[in-house]
Structure formats: structure tokens, C-alpha cells
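Colleague: fold the following for me, if possible:
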Amino acid sequence: MSNNNKNVKSNLKKNFINNQKVLSSNLITRDESKKQIKMVKIVKERRNAIISSSENGKEINKEYVFHFLSKIPGLRPFKDLYPIAEYLSQNYNYFKKIKNEQGLNFLEKITRISRLETFQKGATIIRFGEMGDKFYIVLEGTVEIFKPKFIEKEETPNNFLRELKKIKDIERDETKYKRIKNKNLNFFKNLPEEINKNNSFHRGFDRMEYKQLFNIEIDEKMGEYKEDFSFGEIALIKESTRNATIKAKENCTLLTISNEEYNKVIMDFQKRKLIQDIEHFIKTYSFFRNFDNDKVIRLFNCFTKIELYRGDFLYKQNMDANSIYVLESGSFIVYSCISFPWINDYIDFKISC
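Modeller: Here you go, the predicted model:
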């Protein structure tokens, strides 16, 4: 009798456990179905967002997109994020690639956190030597890329110091000011203490009109890029300073992402994109295959694209050598100019093509 009671109790216990498993599995399937229903609802809302906006007379064009992105991120209507993201992916290759690789949800995040900034013609967007704090994507306009270059120039001390003071006080380019000062240390060591003190260079030099050689920094143009060009990621990824100055060639509209938001949302994607570009670069140009990754990244970021047309000169003999060139496509002819004193003339010899 006692054995029968034990068997009955064990069977009841097994049945109870099985019932609990069934109930829990039912709860899981219900939760999953709720999630699926919610996801379907969200997708339908996104799909209908463009339709509803057009029905309300809201045309999704560049003007509306710029107006939307100019608002503070927290004040942007959530229902418009999808059509805005869709517009960006259809009109800019950069966003199209993000959508194809990461999906529309990822692109919507970028649309949510980014800001719109405008720059007038000639304005400096980023400066060489400054710490990076933003990532930029050109939506409209053309930007120019410059690298600093030092040349020797005869100048009066008065004019040199006035220009240096202008860089420090008016342009407020502290890094450029320090670079020029370091290149002319011998001159500053010989300055009278009362003039050199507090950077009061503009005083006491009215009579210093004799000329001498100074190391002057100029901006050498390396190239220009139009809409769909992105820049500024290297300084954010490596937490380093800017390696170029970029200015607006015309009125420009740029989408910007702060350093903090960039690290949260987009850095991993940009790192993968950078690695892919570098791998393609190394495969294309075997000369760089023996370089370590850090050197390749630094070199890769220093290259700018130059387009030449038939008959254009890349450089001429006896010009200062300040760059190396890698031929991406096309062909060119190399000439050497050799003098013959007995005929008092120069002859061009074709070396290779």
C-alpha cells in the first residue's frame, strides 16, 4: 500500500513538472509572437511613413532633409527618421554602403545623432595639428585639402612678426603659430627680452627694415572633393591630431558626428571600412606590402587623388621634391633636359613611358 502511494506521488510530481514546462514554453512562444507582431508593426509604420508624408504634402527632398537635420537631435520627429534615412541612402553612396552593410536601423541611428553644419566660402573646417573632435560628411559643396609646407623667404623682421601676431591673435591658430616659431628659433633667441616678453612682437620694430631669411609656412593644396566625401575619422580612431587643413571652396553643407557619438555608434563600421580600403591599397600597390599596418594607415591617410589630363605636367625638372607619386591608372612620359655647352642649347630626351 505504501509503495502504491509512493508511485502515485512520483507520477503526480512528474506530471506537475511537465505541465510547468509546457506552460513556460507557451509563455515563450507568446512573448516571441508579441515581439514579431511588434516588429511587423514597426516595419509597416516605417514603410507607410513616406506615403503619409506625401499625403500630407510633405515632399522628401534635399531642402526638407537639410531642414530636418538642422533641428536639435532630440526635437526631430521620430516618424520622419525612416524617410530621411531612405533619402540619404538613395542620394549618397556613403550612406548607401552603410545601409547595405549594416541595415536601415543602423542608418537611422546616424540620422538621429548627427548634426548639420554650414560653412561659408573660404572658411576653415578643420586645421592641421588640432585634436580631432568630429567626423564630417559632405552633403553639398566642395572642400579643399591643404598640407603645411615651409619655404625660405626674405622678409623684414617687422613684417614677419606682424604676420606671426596675426596668426596668433586674429586667426587664432595656436598650433601654426608654434610651428613657425620653432622653425625660426635662432631669430627669437636674439630678440631683446623686452620685445620677446608677452609676445609683444609688433612693438619696437619700426626701424628694422633690413631683410633676412625666415622659414615661412604656406598651405600647399593637395586636392579637392565634392559631396559624398567623408573625413576626420583617422584623428578620432587614433585619438591624434588632424593631419591636414580642410577649407570650404564654396558654401558647404556638412553632416557632423561628435567624437562621443562616433565612438558609440559608428567607429566599428569606420574601422572595418578603413581596413578594407587599406587591404585594397596594399593589394593594388605591391611596394607597400612589407610595411606594417600602422605605417600603411599613416601613409594611406596622407595620399590625395590628383587627376591630370593629356599634356599636363606632373612636375618639372629642378623643381623641389616634396611628394611621392603612385600611378593609379593611365600612362605618362618622363623627359630629362640635358645641356650641351658647345651648341648653347637644351635638348629633351625621352626616358620612358
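
Colleague: so which residues of the stretch 1-150 of the chain form strands?
Modeller: 115-119, 124-126, 134-140, 143-155 (DSSP state E, counting those that start in this stretch).

Colleague: after the longest one comes which helix or strand?
Modeller: In this case it means strand 143-155. helix 157-169 (DSSP states H and E).

Colleague: which strands or helices does that following helix pack on?
Modeller: Packing partners of helix 157-169 (3 or more C-beta pairs under 8 Å, 6 or more residues apart in numbering; DSSP states H and E): helix 174-183, strand 212-225. For glycine as for every other residue, the C-beta is placed from the backbone atoms N, C-alpha and C.

Colleague: out of those, flag the one nearest Y335.
Modeller: strand 212-225 (24.1 Å; C-beta to C-beta).

Colleague: buried residues in that closest one?
Modeller: For strand 212-225, burial by neighbour count (16 or more other C-beta atoms under 10 Å) applies to 214-217, 219, 222, 225.

Colleague: give me the residues contacting that strand.
Modeller: For strand 212-225, the external contacting residues (C-beta atoms under 8 Å, 6 or more residues apart in numbering) are 138, 142-157, 160, 176, 179-180, 183-184, 187, 231, 244-245, 249, 304-306, 322.

Colleague: give me that answer again for 7 Å
Modeller: 138, 142-155, 157, 160, 176, 179-180, 183-184, 245, 249, 304-306 (C-beta atoms under 7 Å, 6 or more residues apart in numbering).

Colleague: and for stretch 171-186?
Modeller: Contacts of stretch 171-186 (C-beta under 7 Å, 6+ apart): 127, 129-130, 150, 164, 167-168, 188, 214-215, 217.

Colleague: in TSV, list those residues along with distance to E63.
Modeller: Output for those, formatted as TSV (distance: C-beta to C-beta, whole Å):
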residue	distance to E63
R127	31
G129	37
E130	32
F150	45
L164	44
I167	38
K168	41
F188	53
F214	49
N215	48
E217	40
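
Colleague: quick check: ChimeraX command selecting the buried ones in those.
Modeller: Selecting the buried subset of the contacts of stretch 171-186 in ChimeraX, with 16+ other C-beta under 10 Å as the burial test, is done by:
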select :127,129,130,164,167,168,214,215,217
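
Colleague: V265: which of the contacts of stretch 171-186 is nearest?
Modeller: Taking the contacts of stretch 171-186 together and measuring to V265 by C-beta to C-beta, the closest member is E130, at 23.0 Å.

Colleague: pretty sure the closest one is touching N243, no?
Modeller: No. With contacts counted by C-beta atoms under 7 Å, E130 stays clear of N243, the gap being 10.4 Å.

Colleague: give me the buried positions along stretch 61-69.
Modeller: Result for stretch 61-69 [16+ other C-beta under 10 Å]: buried residues 64-65, 68-69.

Colleague: wait, which of those is closest to L88?
Modeller: The closest of the buried residues of stretch 61-69, once distances to L88 are taken by C-beta to C-beta, is V65, at 7.2 Å.

Colleague: residues in contact with L88?
Modeller: L88 touches 95, 107, 111, counting by C-beta under 7 Å, 6+ apart.
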